[in-house]
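Engineer: The following block contains a protein sequence and its predicted model.
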Amino acid sequence: MRDAQSRWETLNNIRKEKFNVILPLAMKENGIDMWIHVMREGNPDPLNIDLGGDNGYFIFTDKGDERIERAVLGGFEEDLELLGVYDVFASQDQLHKFVSDRNPKRIAINMSNWITVADGLSHTEYQKLTKALGEEYSSRIVSAEMVITDFRTRRVQIEIDVYSEICEMARQLLERALSNEVIIPEETSLEDVGWWMEDQLSIIGVRSTFELATPMIIHSDKANRVEYNSRDYIIQRGDLMQYDYGISHMNFGTDFKRVAYVLNEGETSVPSGIQFGWDRALEARDVIKPNINVGQTAAETIEKVGKALEDAGFEWFPLTVDPMLGGGPSIEPNENQEYPGKTEVMIDCHCVGNTGNSEVATGPSIAGFRKDRAHLVIKENNLFAFEFMAYTPNPDWNGWKVRFNIEDNAVVTKKGVEWLYPPNKKILLIE
C-alpha cells in the first residue's frame, strides 16, 4: 500500500502525463478548440481528481501547438500551483476576456444527456457560464462527452501499473474471502463474508466499489432459491457460489468475480457436471479473447465474437436486455436434452478504470444491451472488464444448466487482450 505522499505524487504524475499525451489527442480528434470544465465547491464532480481541483473554470485550449494550454479561473491557486500542471491562473470574472482572446470555434462543456461523467455542470452554473460568455461564444457550446470519454479511456502506463496493483489487491482479498479462513460451512452467512471484506478494506485504507457486497449462491444441494437469495443465508455444503466485488482507491475502481464450491462430506473435488460447465466456460473465454482488438467498434467486436463462438461449437446468445434485469438464456432444461449439450454464451464486456460501475464507466461496451456505446472504437490501452456468461446443461441436475459468470479486468493493447493479474482459472474449494 502506497503512503499518502506517494499516492499524491502518483496521481499527479498520471495527471501530467495525461495532459501531455492524451488530452491533445482527445481534443484534436474530436474537433474541440476549448474545453471548459466547470466545478463548484461542495458539488462533487466526477473529474475532480482527474483535473486536480474542485472549484472554478478548468479551461483547456488547443492553440495549434502540440501542447494544450491549461488554465484555471477562480480555483484555489495556491493548491493548484503545487500540482505543476496549469499554466494560467485568473479570477472567474475574467472568463469572457480569456475566451475572446483565444476565439475558439467549438467550446466543449461538461454537460451531457448521454454519460454521467460528462454531466457534472449544474443548471445554475450553466446559466452563470453562458451569461459570462455572452451570446456569441455561448452559441459555440457543444458537449464535452467525447473529449471526456477519450481522455479517460486512453490510458498512460502509470495508470495501468497502479490499476494492476489495485486489481491484485482485490484478487487476493476475494480468494481469501472464498476460503476456510472466512467461511465455516453451516455457520457462516453470506452477510458475514461481506462484513469480513469491509473490515479488510478498512484495515488497508480503501473502500468497496459496491458498498456491502455479499457472495451469491449459484446453486445449492440443500436449499431452494428463495432461501439462498437472502443475505442471512447460512452457507451449506454442496453450495456453488460467486462473489462479485470491487475496490475503489486512488481514482480507480475494480470489478471482477471469483467462484467457489463448498465440498460435501467425502468430496475432494468439484462434481463432474459442474466441472464440465466450468471447463466449457474457460474454453469460451479462449475463443472470445483474440477477437477483442484495438481499432474495432464495440458493435463490430460483438459480431466477431458471436461468429467465432458459433464456429467453435458454442451457441451464441446476443444480449438485448441487461442480465441484471433478466436478460440471458433460461437455466431450465432444454426439451429432449442430450449430453453433453451445447454451452450457450453471452458477453457483457464493459469499461472499468475510474469506476467499477459498468453503468457509468465511459468507453466502448461490448454488450448488445448498451447500444448507446456500440459505436465507440476500442482505443489502445483501454481498461475493461472481460465479462461473459456460460450456460451448460448439467446431467447431475436433471438437465438444469450450470451458469457461470466469469469476469476479470484486463487491458486492450496493440497485442490484443492482456491480463493485469492472474485471471480466474479454477473453482475455489471450501472444505
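Structural biologist: That came through, no problem.
Engineer: Which other helices and strands does the helix or strand S202 falls within contact?
Structural biologist: Using DSSP states H and E, S202 sits within helix 190-204. Helices and strands touching helix 190-204, by 3 or more C-beta pairs under 8 Å, 6 or more residues apart in numbering; DSSP states H and E, are helix 157-177, strand 207-208. Using the backbone N, CA and C atoms, a C-beta is placed for each residue, glycine as well.
Engineer: can you list these in CSV and add mean neighbour count, mean pLDDT and distance to D286?
Structural biologist: Below are these laid out as CSV (neighbours: other C-beta atoms under 10 Å; pLDDT from 0 to 100; distance: least, C-beta to C-beta, whole Å):
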stretch, mean neighbour count, mean pLDDT, distance to D286
helix 157-177, 19, 97, 20
strand 207-208, 16, 92, 31
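Engineer: So which of these is nearest S143?
Structural biologist: helix 157-177 (24.2 Å; C-beta to C-beta).
Engineer: can I get the CA coordinates of the helix or strand of the chain with the lowest mean pLDDT in CSV?
Structural biologist: Taking mean pLDDT, DSSP states H and E as the measure, the chain has helix 225-228 as its least confident helix or strand, at a mean of 88. Provided in CSV are the C-alpha atoms of helix 225-228 (Å, rounded to 0.1, in the frame of the first residue of the first chain):
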residue,chain,number,x,y,z
ARG,A,225,-33.7,-20.3,-4.4
VAL,A,226,-36.0,-18.3,-2.1
GLU,A,227,-33.8,-19.3,0.9
TYR,A,228,-30.4,-18.5,-0.6
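Engineer: Could you pull out the buried residues of it?
Structural biologist: Judged by neighbour count (16 or more other C-beta atoms under 10 Å), helix 225-228 contains these buried residues: Y228.
Engineer: can you check stretch 182-193 too?
Structural biologist: 182-183, 185, 188-190, 192-193.
Engineer: List the contacts of stretch 96-114.
Structural biologist: 30-38, 45, 47, 59, 61, 63, 71, 73, 88, 90, 118-121, 126, 129, 132-134, 137, 140-145, 147-148, 372 (C-beta atoms under 8 Å, 6 or more residues apart in numbering).
Engineer: Now list the buried members of those.
Structural biologist: Applying 16+ other C-beta under 10 Å to the contacts of stretch 96-114, the neighbour count classes 30, 32-38, 45, 47, 59, 61, 71, 73, 90, 118-121, 126, 129, 132-133, 137, 140-145, 147-148 as buried.
Engineer: Just the ones of the residues you listed in helices?
Structural biologist: 126, 129, 132-133, 137, 145, 147-148 (DSSP state H).
Engineer: Switch those residues over to a markdown table; also include distance to T320 and pLDDT.
Structural biologist: Below are these laid out as a markdown table (distance: C-beta to C-beta, whole Å; pLDDT from 0 to 100):
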| residue | distance to T320 | pLDDT |
| --- | --- | --- |
| Y126 | 35 | 98 |
| L129 | 39 | 98 |
| A132 | 45 | 98 |
| L133 | 42 | 98 |
| Y137 | 42 | 98 |
| E145 | 24 | 96 |
| V147 | 30 | 97 |
| I148 | 27 | 96 |
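Engineer: got the domain boundaries for the chain?
Structural biologist: With domains defined by automatic domain parsing, the chain comprises 4-151, 155-430.
Engineer: What helices and strands are in contact with the helix or strand hosting E283?
Structural biologist: Element membership for E283 (DSSP H and E) is helix 272-288. On a contact count with 3+ C-beta pairs under 8 Å, 6+ apart, helix 272-288 meets helix 298-311, strand 344-347, strand 382-393, strand 401-413.
Engineer: Could you look up the next helix or strand downstream of the last one?
Structural biologist: This points to strand 401-413. Using DSSP H and E, the helix or strand that directly follows strand 401-413 along the chain is strand 416-419.
Engineer: next one: the second one
Structural biologist: Under the assignment DSSP H and E, the closest C-terminal helix or strand after strand 344-347 is strand 350-351.
Engineer: Distance from the chain centre to stretch 22-42, please.
Structural biologist: Here stretch 22-42 is found 22 Å from its chain centre; the criterion is C-alpha atoms, centre = their mean, to the nearest Å.
Engineer: let me fix that: stretch 56-76
Structural biologist: Distance, centroid of stretch 56-76 to centroid of chain: 28 Å (C-alpha atoms, centre = their mean).
Engineer: How many residues are close by the closest residue to V156 other than its chain neighbours?
Structural biologist: With sequence-adjacent residues excluded and distances taken as C-beta to C-beta, 6 or more residues apart in numbering, V156 is closest to E17, at 4.4 Å. By other C-beta atoms under 10 Å, the residues close to E17 number 17.
Engineer: which residue is nearest the centroid of the protein?
Structural biologist: The residue lying closest to the centre of the chain (C-alpha atoms, centre = their mean) is V352, at 2.0 Å.
Engineer: Give me the distance between it and F317.
Structural biologist: The gap separating V352 from F317 is 23 Å, by C-beta to C-beta, to the nearest Å.
Engineer: Give the buried residues for stretch 328-348.
Structural biologist: 328-329, 331, 341, 343-348.
Engineer: so how far does that stretch reach from one end to the other?
Structural biologist: Start-to-end span of stretch 328-348 (C-alpha to C-alpha, to the nearest Å) is 11 Å.
Engineer: who touches stretch 300-309?
Structural biologist: Contacts for stretch 300-309 (C-beta under 8 Å, 6+ apart): 284, 287-288, 290-293, 296, 315-316, 318, 345, 347, 349, 364, 366-368, 374, 378.
Engineer: and it, what's its mean pLDDT?
Structural biologist: Averaged across stretch 300-309, pLDDT comes to 98.
Engineer: What about the nearest residue to F89 once chain neighbours are set aside? Give its phi and psi, please.
Structural biologist: The shortest distance from F89 to any residue other than its chain neighbours is 4.7 Å, reached at E77 (C-beta to C-beta, 6+ apart). With angles defined as degrees, to the nearest 10, E77 sits at phi -60, psi -40.
Engineer: cool, S112 as well?
Structural biologist: Backbone torsions of S112, given as degrees, to the nearest 10, read phi -150, psi 140.
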